[in-house]
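Novice: sequence plus the predicted model coming up.
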Protein chains: 2
Amino acid sequence: MSVGTAKKRYVRAPHLGPERRRPQILDAALKLVADNGVRALNMEAVAQALGVTKPVVYACFTSREDLLNALLEREEIRLFEGVMAALPKKVDITNPQQLMTDGFRALFNAVDNNRDSWRLVFSVEADPAVAARLQEGRRLVSQRVSLLVGAWLKLLGAKDAKRRLPILVTLFMSICEGMVRSLLDKSNDWSIDELSAYVGRLVLAAFEEA
Amino acid sequence: MSVGTAKKRYVRAPHLGPERRRPQILDAALKLVADNGVRALNMEAVAQALGVTKPVVYACFTSREDLLNALLEREEIRLFEGVMAALPKKVDITNPQQLMTDGFRALFNAVDNNRDSWRLVFSVEADPAVAARLQEGRRLVSQRVSLLVGAWLKLLGAKDAKRRLPILVTLFMSICEGMVRSLLDKSNDWSIDELSAYVGRLVLAAFEEA
DNA sequence: GGCTGTTCCTACGCTCATGTAGGATATTTA
DNA sequence: TAAATATCCTACATGAGCGTAGGAACAGCC
C-alpha cells in the first residue's frame, strides 16, 4: 500500500495536560477496580482505558500507590458522607424502630447510588498499598457507631455497658458490612425500603437485649 | 583464610525426599500466610523457611497455585469440621437459647484452637488462585445454615419465609464472620463462654422477630 | 571402597509490572 | 510563519517472582 493512503495505526491522544487528565484517570481506575478487582489496576491498563500511554499516567501520579491513594481520597468523601448521614445525630428514645429503619435505608441508598465506590472499598482490602488508609476509615466509623451504641446502652440502663460496647459495635458493623456486600453482588428481589425495614426490625430486637 | 578451615557457608538440608517434605512445606506455608498474608507466600520464602531451595519445593508442588490449593485442601477439613459441628443437627424448639449459645461456643472454640487455619481463610480471599475454592466453601456452609434457618422459620410460622430466608442467612453468616474476625485480631477480655452466651442471646432475639 | 539412584543446589531464562529517558508531535506565542 | 513550550509516544532499564536444566552431594548397596 502506498504511504500516502496508509491509515495511522493509532489515534494520538489530544493534548489535555495533567490537570485535565487526573480526573479521567481516576474515573478509569475506579471502573477497573470496581469491575475486575484491585489486581486489575496497573498503569498500563489505566493508560489503555484512556487511549493513552503509561508516561501520561505517570505525569499525573508518581506511582501506582500514589494513584490508588488519590482514588481513595476522592471516593472516601462520598463514602463517608453516605455512612455518616445514615447514622443519627442523637439516639431518639421515642422511636428506635424508625431510627434503625431510617439508618439502614440511608445506608443502602447511599450504597446503591455509588456502587462502584463501594465495590472499591471491598476490592481494595486486598492491596497493602492502602491498607492503612482503609483501616483508618473503619476506625473512624467504629468510633462514631461506638458513641451511638454507648448512648443506647445508657438509655437501656444496661449493666456492664463498658465491656459490652465493643462487642455490640463489632456486631453492628459486621451486619452492616454483610448487608452492603450482599447488596453489591446479589441483586435480590427486595426493595431497599422493604429490606431496611426488615433488617432494622431484626437488629433492633437484638439491641433491645443488649 | 585457608581452604581447609573455611566454614561452609550453608548447611545442606537433609535428604528427606518429597514425601516427607510435603507436610513441612504446608506447615511453613500456613505460617507464612497466617502471619504475613497471602502476598508473603512465594516459593522462595517457603523454601527459606525450611532451609531449602526452590527446586525442592517444586519437587513437591508443581506451582504456587498447586501449593496453595493443597494447603487449603488440608486445612479445610479441620475448618469444616469446626463449622459443621457448631451447627445443630436439628432445630430444637424446646431450648433455642441453648442451641444458639452452644453453637457459638463450638464455633469460637474451633476458631481459637486453629487460629492459623482461620487466618488463612481470611487472608486467602485476596488471592485469585483459590477464589473459587473459597467461594465453594462458603456456599456449602450457607446451604447448611439455610436448612436450619428454614426449619426455624417454619417453627415460627413466619410469613413469607421463602423470601426472608436468604436475608436471614446473610445476616447470620455476617455476624459469625464478623465475630470470628474480631476473635482473630483483637484479644478482648471476654472468655469464650461469656461471649457465646451474650452473642447467642442477641442473635436469638433477632431471630425471634424473623 | 566403588556403583547407583535419590535428593539437593547453583544458575539461569521467562514474564509481567513498575518506572524513566529522550525523541516526536501538537499547541501556543511571538 | 517560525520559535518556544507543553504534551504525548517509543523504547528501554529494573526488579520481583515463577519455573527449569543440569551438575554436586549424599545414602544405600554390592
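Specialist: In hand now; what should we look at?
Novice: how about the contacts made by the most centrally placed residue in chain A?
Specialist: Taking C-alpha atoms, centre = their mean as the criterion, residue A:118 is the residue nearest the geometric centre of chain A, at 3.2 Å. Neighbour list for residue A:118: A:79, A:111, A:180, A:184 [criterion: C-beta atoms under 8 Å, 6 or more residues apart in numbering or on different chains]. Where C-beta positions appear, they are placed from N, C-alpha and C, glycine not excepted.
Novice: and the first one, how close does it get to residue B:142?
Specialist: With distances taken as C-beta to C-beta, to the nearest Å, residue A:79 is found 28 Å from residue B:142.
Novice: more neighbours: which of those two?
Specialist: Using other C-beta atoms under 10 Å in any protein chain shown as the criterion, residue A:79 and residue B:142 rank with residue A:79 on top: 20 against 16.
Novice: my read: that one touches residue A:121, true?
Specialist: Yes - counting by C-beta atoms under 8 Å, residue A:79 does reach residue A:121; the two are 6.6 Å apart.
Novice: report pLDDT for residue A:149.
Specialist: On the pLDDT scale, residue A:149 is placed at 97.
Novice: burial measure for it, as a count.
Specialist: Residue A:149 has 23 nearby residues by other C-beta under 10 Å.
Novice: go on, residue A:152?
Specialist: 20.
Novice: quick one, what contacts it?
Specialist: Here residue A:152 is in contact with A:91, A:96, A:207, A:210 (C-beta under 8 Å, 6+ apart).
Novice: gap between the last one and DNA strand D?
Specialist: This points to residue A:210. 45 Å (C-beta to the nearest atom of the strand, to the nearest Å).
Novice: three-state assignment of that residue?
Specialist: coil (DSSP: H, G, I helix; E, B strand; the rest coil).
Novice: test my guess that it contacts residue A:168.
Specialist: Yes - counting by C-beta under 8 Å, residue A:210 touches residue A:168, with 5.7 Å between them.
Novice: identify the contacts common to these two.
Specialist: Counting by C-beta under 8 Å, 6+ apart, the residues touching both residue A:210 and residue A:168 are A:149, A:153, B:202.
Novice: what's the closest of these to residue B:87?
Specialist: Distance to residue B:87 across the shared contacts of residue A:210 and residue A:168 (C-beta to C-beta) is lowest for residue B:202, with 18.1 Å.
Novice: just give the nearest non-adjacent residue to the closest one, would you?
Specialist: residue A:206 (4.4 Å; C-beta to C-beta, 6 or more residues apart in numbering or on different chains).
Novice: could you list the low-pLDDT ranges of chain A?
Specialist: For chain A, the stretches flagged by pLDDT under 70 are A:1-9.
Novice: for it, what lies in contact range of DNA strand D?
Specialist: Applying C-beta under 7 Å from any atom of the strand, one finds that chain A approaches DNA strand D through A:9-10, A:12-19, A:21, A:51-56, A:59.
Novice: still on that earlier bit, residue A:210 and residue A:168: which has the busier surroundings?
Specialist: residue A:168 (23 against 19).
Novice: tell me the contacts of residue A:71?
Specialist: Counting by C-beta under 8 Å, 6+ apart, residue A:71 has contacts A:26, A:29, A:30, A:33, A:120.
Novice: what does chain A put close to chain B?
Specialist: A:37, A:39, A:125-126, A:128, A:163-164, A:166-168, A:170-171, A:173-175, A:177-179, A:181-182, A:186, A:188-190, A:195, A:198-199, A:201-203, A:205-210 (C-beta under 8 Å from any C-beta of the partner chain).
Novice: and the residues you listed, which of them are buried?
Specialist: A:37, A:125-126, A:164, A:166-168, A:170-171, A:173-175, A:177-179, A:181-182, A:190, A:195, A:198-199, A:201-203, A:205-207, A:210 (16 or more other C-beta atoms under 10 Å in any protein chain shown).
Novice: what residues sit buried inside the one helix or strand residue A:35 maps to?
Specialist: Take DSSP states H and E as the rule and residue A:35 turns out to sit in helix A:18-36. In terms of neighbour count (16+ other C-beta under 10 Å), helix A:18-36 has its buried residues at A:21, A:22, A:25, A:26, A:27, A:28, A:29, A:30, A:31, A:32, A:33, A:34.
Novice: for stretch A:55-62, same thing?
Specialist: Those would be A:56, A:57, A:58, A:60, A:61, for stretch A:55-62 by 16+ other C-beta under 10 Å.
Novice: among those, which are in helices?
Specialist: Of those, the ones assigned to helices by DSSP state H are A:56, A:57, A:58, A:60.
Novice: quickly name whichever of those residues is closest to DNA strand C.
Specialist: Minimum distance to DNA strand C across those is 4.2 Å, recorded for residue A:58 (C-beta to the nearest atom of the strand).
Novice: count of neighbours near the nearest residue to the closest one once chain neighbours are set aside?
Specialist: Nearest residue to residue A:58, sequence neighbours excluded (C-beta to C-beta, 6+ apart): residue A:43, at 7.0 Å. By other C-beta under 10 Å, the residues close to residue A:43 number 19.
Novice: give the contact list for residue A:43.
Specialist: Counting by C-beta under 8 Å, 6+ apart, the residues that residue A:43 touches are A:54, A:57, A:58, A:64, A:67.
Novice: now it: how far from residue A:136?
Specialist: Counting by C-beta to C-beta, the gap from residue A:43 to residue A:136 is 25 Å.
Novice: what do you get for residue A:108?
Specialist: 24 Å.
Novice: of these two, which one has the most company?
Specialist: More neighbours surround residue A:108 than the other of residue A:108 and residue A:136, with 23 against 11 (other C-beta under 10 Å).
Novice: only the buried residues of the helix or strand that contains that one, if you could.
Specialist: In this structure, residue A:108 sits in helix A:96-113 according to DSSP H and E. Buried residues in helix A:96-113, counted by 16+ other C-beta under 10 Å: A:96, A:99-111.
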